[in-house]
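Trainee: Okay, predicted coordinates and the sequence, questions at the end:
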Amino acid sequence: VQLQASGGGLVQSGGSLRLSCAASGFTLDQFTIGWFRQAPGKEREGVSEISCCDSTTYYKESVRGRFTISKDNAKNTVYLDMNNLKPDDTAVYSCNAVSPIGINYWGKGTQVTVSS
């Protein structure tokens, strides 16, 4: 069982990135998937989430309108499209999968750096 985040990188302010959260060993659409980030010296915070059962989405206020979460069940992958990136978005981004019965997986993060 593995959950892997990828797609991070270095972009200029105003740029875009697409993060991927790929699962192996289990089916992602049976889990609620969340994207979290942690900047240096700060606590981890939830950024976005897509629910397992009806694909309801949630966005942190500061990213709403700029980030979009989606899932491709055929590829067993959840994406986070990030547009109009700002320096404050700089962080390590990780994905988390939680099932309705509380099974919980974390993936290794991917670094996103936004230069001003």
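Mentor: Done, it's in.
Trainee: can you list the weak-confidence ranges in this structure?
Mentor: Scanning the chain for pLDDT under 70 picks out nothing.
Trainee: what sits opposite the residue nearest to the spatial centre of it in the beta ladder?
Mentor: In the chain, the residue lying closest to the centroid (Cα atoms, centre = their mean) is Trp35, at 3.0 Å. Applying DSSP bridges to Trp35 gives these bridge partners: Ser48, Cys95.
Trainee: Let's verify Asp88: helix, strand, or coil?
Mentor: Following DSSP: H, G, I helix; E, B strand; the rest coil, we place Asp88 in the helix state.
Trainee: What count of nearby residues applies to the residue nearest to it when sequence neighbours are not counted?
Mentor: Nearest residue to Asp88 in three dimensions, chain neighbours excluded: Ser62, at 7.4 Å (Cβ to Cβ, 6 or more residues apart in numbering). Every residue, glycine included, has its C-beta placed from N, CA and C. Other residues near Ser62 come to 13 when the count uses other Cβ atoms under 10 Å.
Trainee: I figured Ser62 was touching Ala91, is that so?
Mentor: No. Contact criterion Cβ atoms under 8 Å: Ser62 and Ala91 do not qualify, at 11.8 Å.
Trainee: Return the distance of the residue nearest to the centre of the chain relative to Ser116.
Mentor: Using Cβ to Cβ, to the nearest Å, Trp35 is found at 23 Å from Ser116.
Trainee: Likewise for Gln2?
Mentor: 35 Å.
Trainee: Also Leu85?
Mentor: Distance from Leu85 to Ser116, counting by Cβ to Cβ: 11 Å.
Trainee: try Glu45
Mentor: From Glu45 over to Ser116 the distance is 21 Å, taken as Cβ to Cβ.
Trainee: Compare these two and say which is more crowded by neighbours.
Mentor: Neighbour totals were compared for Glu45 and Ser116, and Glu45 leads with 12 against 9 (other Cβ under 10 Å).
Trainee: and the more buried one, what does it touch?
Mentor: Contacts for Glu45 (Cβ atoms under 8 Å, 6 or more residues apart in numbering) come out as 36-38, 60.
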